[in-house]
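Participant: Predicted model, plus sequence, below.
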Amino acid sequence: MFKLAQKYDSRYTPEAQQKAVKLFQEVLSLDPKGEKGTTDYGEDKVTYTEYAEYSLAEAAMFGRGGLPESRDPGPMKAFIQKYPQSKMLRGAYSSLSSYYQFSGSKEEAQAFFEEYVAKYPDDALVLNSYITRIIRDKEPLDRGLELAKKVNELTKYNPLPRFRRSEAQLYALKGDWEKADEIYGQRFMESRKNNLAFDLIDYARFWVEQNRNLESAEAMTDLALRLDPETSYIRYSAAGILVRLKKEDKALAVFGPDYIKAKLNDSSALATYASFWAGQDKNLESALEAAQKLVDLSPLASRSWMILGSVYRSLKNFPEALKAFEKALQLAKQDWEKQNLQKLIESLQKQIKEPAK
C-alpha cells in the first residue's frame with residue numbers, strides 16, 4: 001500500500017494526489033507506531049509511517065490531494081515536534097520555508113524563520129529564505145541586513161548573485177541606492193562575467209588535454225571570448241586551445257597580428273604574445289616584431305631580451321638568439337635566472353659550433 005501511495009504521489013494530477021492521500025492515511029491506520037517496515041530516503045531509512053506522516057503534512061500545507069485548501073502548516077509543525085531527530089527534518093523545515101515565503105502572517109513567518117535559522121545558522125540558503133520573507137514584508141530590514149552580512153561571510157569565496165540581489169533589495173527598501181549598487185551593481189556582475197570566462201577556459205583546456213569533448217571545448221572557448229574579449233589571459237589561453245584543436249586560423253584571428261597591433265605600447269601584452277607564439281613555433285615573424293618592440297620599451301629588463309632570444313631560437317636564428325640571451329644574462333639579477341640563461345647560452349653555443357646535419 002505504501003509503494004502504491006508513493007507511485008500516485010509522484011504524479012501531480014489532482015486525481016493521483018487524492019489517491020496518494022487516501023493510501024498514506026491507510027498506511028497510518030495499519031501501522032500507527034511505525035513497526036512494519038522502512039523505506040529509502042536518500043542514503044537513509046525511515047519508517048513507512050514517518051514517510052506517510054510527512055507526505056500528508058505536505059499535502060495539507062499546500063492544499064493537495066483533496067485536503068482543505070486552507071493550506072495548513074500545522075501538521076508539518078507537528079511532524080517536527082514528533083520527530084526531532086528525523087532524517088526528514090531538514091525537508092520538513094524546507095517545506096515550511098516554502099510555505100512561509102508567501103503565506104502566514106508576519107508574526108507567524110518571523111517566528112518560524114527565527115527557529116529555522118537558529119537550527120541551521122551556517123546554511124546560506126536558509127538565511128536567504130528568511131531575507132526573502134523580510135523583503136516581502138518590508139520589515140524588519142535591519143535583521144535582514146544582519147542575516148545578509150552572515151550570508152556574505154559564508155559565501156565570500158563564491159558570492160552567488162541571488163544572495164547579492166537579496167541584500168541589494170534590502171538596501172533599496174531603505175532607500176540606500178548607493179549601497180545597493182555597490183552590492184549588486186555593474187562592477188559585481190562584470191566580475192561574475194569575468195569569473196565565468198575563466199571557468200570556461202579551464203573547462204576547455206581540461207577536455208582538450210584529455211582529447212575528449214572537443215566540440216564542447218571549442219564552444220566554451222568561443223563563449224569565454226564573447227564574455228571577456230579584452231583580458232589577455234583569456235585571449236592567449238583561447239589561442240592555445242584552438243591551436244591544439246588544429247584551428248590555427250581561428251587562433252590567429254583571436255590572438256594574432258591584428259590583436260597585437262593595438263597593444264604595441266603594452267609591455268605585458270607584447271611579452272605574452274611573443275612568448276606564446278615562440279612556444280608554439282608559429283606566427284614567428286609577428287612574434288619577432290612584438291619581441292623587438294618589447295625590447296624597445298623595456299631595454300633594461302632581462303625578461304625582454306630573454307623573450308627576444310626565445311623567438312630567434314624558434315626561428316632557428318641561433319646567432320641572434322645567443323646575442324639576446326647574453327644581453328639578458330648581463331641584466332639578470334636573480335641567481336636562478338642567471339643559471340637558466342647560462343644553460344641556454346651553452347646549449348646555443350654548442351648548436352652553432354655543431355649545426356644539425
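Facilitator: Yep, that arrived.
Participant: Just list what the longest helix anywhere in the chain packs against, helices and strands only.
Facilitator: If you go by DSSP state H, the chain has its longest helix at helix 186-210. Secondary-structure packing of helix 186-210 (3 or more Cβ pairs under 8 Å, 6 or more residues apart in numbering; DSSP states H and E): helix 161-173, helix 214-227, helix 232-244. Where you see a C-beta, it was placed from the backbone N, CA and C, and this is true even at glycine.
Participant: before we move on, what SS does K45 have?
Facilitator: Assigned with DSSP: H, G, I helix; E, B strand; the rest coil, K45 falls in the strand class.
Participant: and it, bridged to which residues?
Facilitator: Counting by DSSP bridges, K45 is bridged to D40.
Participant: mind listing what it touches?
Facilitator: 38-39, 87 (Cβ atoms under 8 Å, 6 or more residues apart in numbering).
Participant: export the residues you listed to a markdown table and tack on neighbour count and distance to R143?
Facilitator: Below are these laid out as a markdown table (neighbours: other Cβ atoms under 10 Å; distance: Cβ to Cβ, whole Å):
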| residue | neighbour count | distance to R143 |
| --- | --- | --- |
| T38 | 14 | 41 |
| T39 | 15 | 39 |
| K87 | 15 | 31 |
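Participant: So R64 sits against Q17, correct?
Facilitator: Yes - if you go by Cβ atoms under 8 Å, R64 and Q17 touch, sitting 4.8 Å apart.
Participant: For this protein, which segments count as strands?
Facilitator: 38-41, 44-47 (DSSP state E).
Participant: Enumerate the positions of the last one that are buried.
Facilitator: Residues of strand 44-47 classed as buried: 46-47 (neighbour count, 16 or more other Cβ atoms under 10 Å).
Participant: Let's have the strands of the chain in a markdown table, adding distance to W305 and mean pLDDT.
Facilitator: Formatted as a markdown table, those follow (distance: least, Cβ to Cβ, whole Å; pLDDT from 0 to 100):
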| stretch | distance to W305 | mean pLDDT |
| --- | --- | --- |
| strand 38-41 | 67 | 94 |
| strand 44-47 | 65 | 95 |
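Participant: These: which one's closest to R212?
Facilitator: For R212, the closest of the strands of the chain is strand 38-41, at 34.0 Å, according to Cβ to Cβ.
Participant: Please tell me how far K156 sits from I134.
Facilitator: 22 Å (Cβ to Cβ, to the nearest Å).
Participant: Please say which of these two ends up with more neighbours.
Facilitator: Counted by other Cβ atoms under 10 Å, K156 and I134 do not tie: I134 has more neighbours, with 25 against 8.
Participant: Apart from its chain neighbours, what residue comes closest to the more buried one?
Facilitator: Spatially, and ignoring its direct neighbours in sequence, I134 is nearest to G144 (4.0 Å; Cβ to Cβ, 6 or more residues apart in numbering).
Participant: same thing with Y8?
Facilitator: Once flanking residues are discounted, Y8 sits nearest to A20: 3.9 Å by Cβ to Cβ, 6+ apart.
Participant: now swap in A197 and tell me
Facilitator: Nearest residue to A197, sequence neighbours excluded (Cβ to Cβ, 6+ apart): D228, at 3.7 Å.
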